[in-house]
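Chemist: generate a structure from the sequence data that follows.
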Amino acid sequence: MSAPLRVLLDVNIWVANLMAISRGRRGTTAQRIVSMIADGRWGNGGREVQLVVSLDMLDTLERVLVRLGSSLAHAQAYAEAVRDIMKHGPEELDPYLLLGGREQFAMIDVEDAGVLATAFAARAHLLVTDNLKDFHTKESIGIDTRVVATSAGSRQLHALRHCRADVDLVVAHPLDVMSWLEQRIDFEPGSLWGRISAGP
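Modeler: Predicted structure coming up:
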């Protein structure tokens, strides 16, 4: 049996999930991804999935939610629920406390560097974010995936691959992730990258 797929959801995915719930929406991309993570199964009853998150990310999540109008108590409860998903996953991990690591990535945004450092520290397979441009580094390789229509016009999506030592990480937009799930593509980074590099 395959080891659990380790997935890190960027803070913007957790925020999008909560905003969709608060607006009475159902079945959004963020909600579907969070639901799979909470259920511990990736795809239709497929591989086990283990959430990866850091204490810094949970703190950021709380701050963002308060800034968007949530009460502190509500923001803390939501962050605690995210922590519980990680702790009750198949590998029962605790949130990572990063004492360093950000400096190894030449990135403008310190918080994004911390997210990437968390993914590396946890040996994550997949990082899901709506903020792809900030996860480029001089060592990453990228590939255009598809163009999607948004309220602001069309948007070119792409995926990134970060490889270093024993870490092989794919960074992808949630819309791509859902499309790959529907195509039943293997999310092991090497297999996934080979498939998306081959084109449609």
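Chemist: for my notes, confirm residue 159 occurs in a strand.
Modeler: Yes: counting by DSSP: H, G, I helix; E, B strand; the rest coil, residue 159 is found in a strand.
Chemist: please name the bridge partners of the residue lying closest to it once chain neighbours are set aside.
Modeler: Using CB to CB, 6 or more residues apart in numbering and skipping residues adjacent in sequence, the residue nearest residue 159 is residue 172, 4.6 Å away. For the C-beta atoms, the positions are set from N, CA and C on the backbone; glycine is no exception. With DSSP bridges as the criterion, residue 172 is bridged to residue 128.
Chemist: what's near enough to touch residue 172?
Modeler: Applying CB atoms under 8 Å, 6 or more residues apart in numbering to residue 172 gives the contacts 126, 127, 128, 129, 132, 145, 159, 160, 180.
Chemist: lowest-confidence entry in the residues you listed?
Modeler: Looking at those by pLDDT, the weakest one is residue 132, with 88.
Chemist: tell me how many other residues surround that residue.
Modeler: When neighbours are defined as other CB atoms under 10 Å, residue 132 has 21 of them.
Chemist: pLDDT value on residue 147, please?
Modeler: Looking at residue 147, the pLDDT reads 88.
Chemist: my bad, residue 155
Modeler: In this model, residue 155 carries a pLDDT of 85.
Chemist: again, but for residue 178
Modeler: Predicted confidence (pLDDT) for residue 178: 95.
Chemist: is it in contact with residue 29, as I believe?
Modeler: Yes: assessed by CB atoms under 8 Å, residue 178 is found in contact with residue 29 at 5.4 Å.
Chemist: neighbour count winner among the two?
Modeler: Between residue 178 and residue 29, counted using other CB under 10 Å, residue 29 has the larger neighbour count: 20 against 17.
Chemist: is residue 127 in contact with residue 10, as I believe?
Modeler: Yes: using CB under 8 Å, residue 127 makes contact with residue 10 at a distance of 6.8 Å.
Chemist: what residues are shared contacts of the two?
Modeler: By CB under 8 Å, 6+ apart, the residues touching both residue 127 and residue 10 are residue 115.
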